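# here you go, sequence then predicted model.
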Amino acid sequence: MSEEFDYIIVGGGSSGCVVASRLSEDRGVKVLMIESGRKDTNKWIHIPATFFKVLEGGKDVTAYVSAPSDALNGRPNVVPQGHVLGGGSSVNAMLYVRGQSEDYDNWGQLGLRGWAYKDVLPVFSDLESNMVFSDEFHGIDGELSVSEKRYGHPLSRAFIRAAQEAGLPYNEDFNGAKQEGVGFYQTTTKDGRRWSAAQAFIRKAEGRKNLKIMTETRVARVTFDGTKATGVELEDGTRIVCKGEVVMCAGAIETPRLLQLSGIGNAEELRGHGIDVVHDLPGVGENYQDHMETTVQGETKDPISIMGQDKGLKAVRHMAEYMLNRSGLLTSNVVECGGFADVSDGGIPDLQFHVLPFMVGGLDRDAIEKHGIAIGPCFLRPYSRGSVKLASSNPKDAAAFDSGALTDQRDVDVLKRGVKLAINILDTPSLAKLITRRHLPEPGVEEDDAKLDDYVRQTAKTVFHPSSTVKMGTANDKMACLDEELRVRGTQGLRVCDASAMPNLVSGNTNAPTMMIAERCTRFMRGQETLQTTVT
């Protein structure tokens, strides 16, 4: 390709959309964003409740599958990721959760200047257009629409009451002064529709003459002149020149894979694949972290769950209500409610609940064809670590992916406490009167520690929050891949600003924090903010 660009963005997900929009505001530069998935034209993407159809359809999702793990009772860990313009924000459950202030203060304590909570809170607020809150924690003028529910299922309301009966406080704002408590989640929706990063940032930018968006296009590697990034090579062999900076936004699995294919990573491993080493950076692909959750499920006495609501005349009625009034069940993000609890007496929540108004099977379990409720306790700050490595030097080969899930017993112990709390919630009056029996785990399992341990390992699954595989860190940290301004150490003209840049996983859903990181990156690149760091 003879055309040259000032900036090339690899990946059109949540972070890529923010970066492409911001950089192309300067009409004096030429920006290219390359996304391996297709455009976000699938109608099911934009109706909140139908995101399950997108996940089941598979065209807009890529499933990364680890090798079978003893820690998961011989099961593989399957991690679906968005493979479409908007990335995860186009296929997720739309929860707007930032994590805890302590998460970012911890980043600061690691030596990362400019990443403490006081530094990132204004960025979150600048991005946000909150439909309800306008205070020190929230913004109202940003591009990212954050809304209250339009529909609340009776089982969601019952869970919120039941959790209070179990001793958890009510919390109307998980992103405010305190995260602890239960309530309805705010969502990235607007006027009853999903408000993905593509909607928020690309719709207004895609008509700009200085922004080119390539979809269904796969990058093979970043090209270099010495240690200076000069562009990208596509899988078909096409080379595209970048005069300024290449920005990696491909996600916590693809970004480290592409960096390693480009010669950035553990030198010994790269040479083993016959790859010329551009810079020995052993932390690339290490430090993989993800949120894992197990499940507690109860069968309801009456057919009140949403099971079957997507079939026959019921589906027709829901679609008519949605199309005519933007109301009803289809405006629901399905994972309507949940909350945060401290089950380890650490002073801050270490567990999150995702609650579904129906019983679920799983990626490796059959669907449960009975009405009920599913309560999913999820451990927020895992100790387990995994890795993303190359299987070969062939860019078309998937990564050698080891999630490391539940390899640290402490993660299992927290999830066991979460199961017990979820069972307690299920047994309180507001839910007990609706439940005929507990479906999972079988009654009595929680009374036998070995059986409960086995249950967690058999049922735990990802919550789709992979992170930290190209982490920020100080020069003293030999495994740190990025400096505080998200520049890849030992290189020039190359940055990373997706979830892989997190030094540690945040205590909550990762979509909003990923967009915050991307916004910070563009401010560094445009000289709007500087931490005066030096790459070494």
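Cool, got the structure.
# for the closest residue in space to Asp449 that isn't next to it in sequence, helix, strand, or coil?
Spatial nearest neighbour of Asp449, excluding adjacent residues (Cβ to Cβ, 6 or more residues apart in numbering): Lys416 at 7.6 Å. Quick note: C-beta positions are derived from backbone N, CA and C, even for glycine. Look at Lys416: counting by DSSP: H, G, I helix; E, B strand; the rest coil, its state is helix.
# isn't Lys416 right next to Lys451, touching?
No. Using Cβ atoms under 8 Å as the test, Lys416 is too far from Lys451 to be in contact (10.4 Å).
# Ser156: what secondary structure?
helix.
# which stretches of the stretch 51-200 of the chain form helices?
Using DSSP state H, counting those that start in this stretch, the helices of the stretch 51-200 of the chain run over 51-57, 101-109, 117-127, 154-165, 197.
# so which of the ones you listed is the most packed in?
Greatest average neighbour count among the helices of the stretch 51-200 of the chain goes to helix 197 (a mean of 31), per mean count of other Cβ atoms under 10 Å.
# ok, residues contacting it?
13-18, 86-87, 89-90, 144, 515 (Cβ atoms under 8 Å, 6 or more residues apart in numbering).
# how about stretch 513-525?
Taking Cβ under 8 Å, 6+ apart as the rule, stretch 513-525 contacts 7, 14-16, 18-19, 22-23, 88-89, 98-99, 120, 123-124, 126-127, 144, 197, 245, 247, 249, 485-486, 495, 497-499, 501-502, 506, 528-531.
# please apply the same query to stretch 439-458.
Contacts of stretch 439-458 (Cβ under 8 Å, 6+ apart): 71-73, 75, 294-299, 359, 368, 370, 372, 406, 412, 415-416, 419-420, 423, 437, 459.
# so Gly11 makes contact with Ala20?
No. Assessed by Cβ under 8 Å, Gly11 is found out of contact with Ala20, at 9.8 Å.
# give me the more crowded residue out of these two.
Ala20 (31 against 27; other Cβ atoms under 10 Å).
# how about the nearest residue to the more buried one, chain neighbours excluded?
Met33 is the one closest to Ala20 (Cβ to Cβ, 6+ apart), at 4.2 Å.
# do the same with Phe52
Val334 (7.0 Å).
# please, where are all the strands along the stretch 401-536 of the chain?
For the stretch 401-536 of the chain, applying DSSP state E, counting those that start in this stretch gives strands covering 435-440, 461-462, 494-496.
# out of these, which is closest to Asn287?
Ranking those by distance to Asn287, with Cβ to Cβ as the measure, places strand 494-496 first at 13.1 Å.
# so which bits of that closest one are buried?
Across strand 494-496, burial judged by 16 or more other Cβ atoms under 10 Å covers 494-496.
# name the residues that touch that strand?
222, 229, 245-249, 255, 259, 264, 470, 481-482, 485-488, 521, 524-525.
# could you find the closest non-adjacent residue to Gly274?
Ser393 is the one closest to Gly274 (Cβ to Cβ, 6+ apart), at 5.4 Å.
# Leu380 too?
Once flanking residues are discounted, Leu380 sits nearest to Ser507: 4.1 Å by Cβ to Cβ, 6+ apart.
# and the pLDDT for the one you found?
The score at Ser507 is 98. That number is its pLDDT.
# strands of the stretch 151-300 of the chain, start to end?
Going by DSSP E, counting those that start in this stretch, the stretch 151-300 of the chain shows strands at 181-184, 189-190, 193-194, 211-214, 219-225, 228-234, 239-248, 264-265, 279-280, 292-293, 296-300.
# can you redo those strands as TSV with distance to Lys204?
Below are the strands of the stretch 151-300 of the chain laid out as TSV (distance: least, Cβ to Cβ, whole Å):
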stretch	distance to Lys204
strand 181-184	29
strand 189-190	13
strand 193-194	16
strand 211-214	11
strand 219-225	25
strand 228-234	25
strand 239-248	19
strand 264-265	33
strand 279-280	37
strand 292-293	35
strand 296-300	42
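# pick the most deeply packed of the ones you listed.
For the strands of the stretch 151-300 of the chain, where neighbours mean mean count of other Cβ under 10 Å, the stretch averaging the most is strand 264-265, with a mean of 30.
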